[in-house]
Each structure stands twice: as C-alpha cells, then as structure tokens.
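Attaching a predicted model along with its sequence, questions to come.
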Amino acid sequence: MNELIEKQIENWTSIQSLSRDLLDMLTDEQLGLTVGKHMGTLGEQFRHMARVRFQYAEAIENKKLGEVIEKIDPAVAKSKTGLIELWERANGKLLAVLKNANPGELESKMIDWKYWGSDEVNIHDHLNFLMDHETMHNGEMIVYLRTHELKFPKSWEPWGL
Ligand code: NI
C-alpha cells in the first residue's frame, strides 16, 4: 500500500467506526427498528453496508465490479453478534485485498465499473466511492436514531450528535 492508500484507509476506518460504535450500543430488538418506507430495518442497514464493503473488496481483487460473491444470510440482520462478526469479516477482507496486492499494480489498476454504469475507476476513486457510500448510510442511521429517540455513541459527538 502506498501512502495515499494508507491515508484513505485511515479515513475509511474512522468512517466505519461510527456505525460500528453504534452497532455496539444496540440490542437485537433495536435492530428491528424501521423508519418510513423502503429503508429496511436498522439491522438491514448494517448488513447492507458490510455486504457492499465485500463487493468493493471483491472488485479490487477481480478488477471488476459485479454481484457480491460472498454469501451473506439475510437473517444476520436480526443478530447483533452475527452483524459484528460479518462487519469484522468484511473489514478483514478489504484490508487483506489491499495489503496483499502489489503496490505498483494497485496504483495502476483500473476497476471495471460497468456494473454500476460507469466505465472504469482507479483505486483511489474506488475507495472514495466506498467512503461516500458508508457516509451516506451513516446519515440514514441518524434518521433511525432521531426517530426512535436513541442515544448516539460518544464518537458521534464531534458531528454535533
Ligand atoms: Ni447503499
């Protein structure tokens, strides 16, 4: 990993730690909370984030975005223990893919993004899009917490929450 990728991973680590801290505070029962329409349960938000993280990691490995290869049981969305295990596994996968790659190859790699309607992106844009995705879902989680009047983890304080 070169310095820029290391810096990006550092940024991503702090973004994902917000939702991870939130997961630590929740009960299995609270994972079933919903808001409005089409947003699924809070537990499904976590499952989705981990799933998409696998998808990004697999895309780096295969130089091509596609269907998620990792099989993830939908029922995991109801279990805090299951979600924590899934979360750690997705993080491990992403970090392993980056660490195991040849740094020069990683830097020059272009990832085929046709699956999501774009041509191809380099590793830095790919990681930025992953962070954008996670930040967007962190924002969605704010709606769940505010709607159900739940307390935010301490790590969210700098964001005024
Ligand atoms: Ni999403």
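Cool, the structure landed.

Show me which helix runs longest in this structure.
Ordering each helix of the chain by length in residues (DSSP state H) puts helix 123-147 first.

Tell me which residues of it come out buried.
123, 126-127, 129-131, 133-134, 137-138, 140-141, 144-145 (16 or more other C-beta atoms under 10 Å). No exception for glycine: its C-beta is placed from N, CA and C like everyone else's.

Can I get those residues in CSV including pLDDT?
Listed next are the buried residues of helix 123-147 as CSV, based on pLDDT from 0 to 100:
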residue, pLDDT
Ile123, 97
His126, 98
Leu127, 98
Phe129, 97
Leu130, 98
Met131, 98
His133, 98
Glu134, 98
His137, 97
Asn138, 97
Glu140, 96
Met141, 96
Tyr144, 97
Leu145, 97
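
got a list of contacts for the helix or strand of the chain with the lowest mean pLDDT?
None of the helices or strands of the chain scores lower by mean pLDDT, DSSP states H and E than helix 103-108, at a mean of 91. By C-beta atoms under 8 Å, 6 or more residues apart in numbering, the surrounding residues in contact with helix 103-108 are Met1, Asn2, Ile5, Ile60, Leu98, Ile123.

just stretch 143-161 next, same as before
Everything outside stretch 143-161 that qualifies as a contact, by C-beta under 8 Å, 6+ apart, is 17-18, 21-22, 24-25, 30, 33-36, 39, 42, 45, 142.

which among those end up buried?
Neighbour counting over the contacts of stretch 143-161 (16+ other C-beta under 10 Å) leaves Leu18, Leu22, Gln30, Leu33, Val35, Leu42, Gln45 as the buried ones.

Serialize those residues to TSV and add fields for secondary structure, distance to Glu85 and pLDDT.
Output for these, formatted as TSV (DSSP: H, G, I helix; E, B strand; the rest coil; distance: C-beta to C-beta, whole Å; pLDDT from 0 to 100):
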residue	secondary structure	distance to Glu85	pLDDT
Leu18	helix	19	98
Leu22	helix	16	98
Gln30	helix	18	98
Leu33	coil	21	98
Val35	coil	25	96
Leu42	helix	17	98
Gln45	helix	17	97
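
Can I get these in JSON lines including distance to Glu88?
Putting the buried ones among the contacts of stretch 143-161 into JSON lines (distance: C-beta to C-beta, whole Å) gives the following:
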{"residue": "Leu18", "distance to Glu88": "16"}
{"residue": "Leu22", "distance to Glu88": "15"}
{"residue": "Gln30", "distance to Glu88": "20"}
{"residue": "Leu33", "distance to Glu88": "23"}
{"residue": "Val35", "distance to Glu88": "26"}
{"residue": "Leu42", "distance to Glu88": "19"}
{"residue": "Gln45", "distance to Glu88": "17"}
